[in-house]
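Engineer: fold the following for me, if possible:
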Amino acid sequence: MCFILACTKYLARKNPKVFVRISHPIAVLFVILTTFFFVGLQMFYVMPQLFDVGGMMYKLGWLLAIFIMYNIFGNMVACHITNTSVESLPKDRQVPESGEEQLWHYCDICEKLMPPRSWHCILCKCCILKRDSHCLFTASCIGHNNQRYFFWCTFFMALGTGVAWATHTIATMKYFIYSDLNTDNLPPFWLIFTLILNTYTLAAPVSSVILQISALGHNGPLHDLNSDNLDIALWENFKMILGKKVLWTFLSPTVKSPLAHDGTQWKIKESDISEY
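Structural biologist: Numbering: from 1, shown residues only. Alright, predicted model coming up:
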């Protein structure tokens, strides 16, 4: 994994334009195909081994699968189309207020002052408000305005693969529990193979969610998990990225949840009135 990340960063810096043109479509297509593959496998092959296809549990399984898919793809799209660059600010907010000039920093590429916690992305070719990282799977930078959608997207990926892994495991174990270990009663090869595949697939979104929660724990970016000078308590940190509706945003990416501020001013933990 470290080797892949190192190669990705090298190629991105070597030729950003070509990297974006090739990597973004491949990464997005990978998420779409993987999601449909596991949903199809789950609903047409695994679930029928556990529940009657005409029963209530099977129908509830379909409702859960549709809900998870809707939130994965909906949050992916919302993350991609939401402008989180400094240019998304009103013109009067793209310059520091009187007395705040020392808190802003100069971007050599954009050739102007930028708000605190905003950094330039060579792939997006602009400065991003509270830049967290650049995500290939949403084909966008993750920043102040769209971190909510990225969080829920990875959460539902982890939830979906987790549910699939759990039912996969139960369906596989059922063969061992209700058999005498006769060769004819062992789980079919495809079930064991897809369970192993599901296990590997589960690792990526779960790791991403854990990293996101770790970052939320101190209200910092992924590239600086040790800093906690902007930590204002976990619930308040969640509100900073999920907005005023907080956990209601779990239901749908279309839930309107205004953020606490525009991403140019940040409170330091030691003082409620200080701004970073």
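Engineer: let me see the ranges of the strands in this protein.
Structural biologist: Remark: strands assigned in the chain by DSSP state E are 105-107, 112-114, 119-121, 126-128, 133-135, 140-142.
Engineer: send me stretch 13-22 as CSV with only the CA atoms.
Structural biologist: Coordinates of each C-alpha in stretch 13-22 appear next as CSV, following Å, rounded to 0.1, in the frame of the first residue of the first chain:
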residue,chain,number,x,y,z
ARG,A,13,3.8,15.5,-9.4
LYS,A,14,5.5,14.3,-12.6
ASN,A,15,2.6,15.1,-14.9
PRO,A,16,-0.5,16.3,-13.1
LYS,A,17,-2.6,16.9,-16.2
VAL,A,18,-2.1,13.3,-17.6
PHE,A,19,-2.4,11.8,-14.1
VAL,A,20,-5.9,13.5,-13.6
ARG,A,21,-7.0,12.5,-17.1
ILE,A,22,-6.2,8.8,-16.6
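Engineer: quick revisit: tell me which of the strands of the chain lies nearest to Val31.
Structural biologist: Among the strands of the chain, the nearest to Val31 by Cβ to Cβ is strand 133-135 (10.5 Å). Any C-beta I mention is one placed from the backbone N, CA and C, and that applies to glycine too.
Engineer: so for the closest one, what gets flagged as buried?
Structural biologist: Ser133, His134, Cys135 (16 or more other Cβ atoms under 10 Å).
Engineer: pLDDT averaged over that strand - what is it?
Structural biologist: Strand 133-135 comes out with an average pLDDT of 90.
Engineer: name the nearest residue to Pro187, ignoring sequence neighbours.
Structural biologist: Distances taken as Cβ to Cβ, 6 or more residues apart in numbering put Tyr175 closest to Pro187, at 4.2 Å, once the chain neighbours are dropped.
Engineer: with Asn146 instead?
Structural biologist: Using Cβ to Cβ, 6+ apart, the nearest residue to Asn146 is Thr82, at 4.0 Å.
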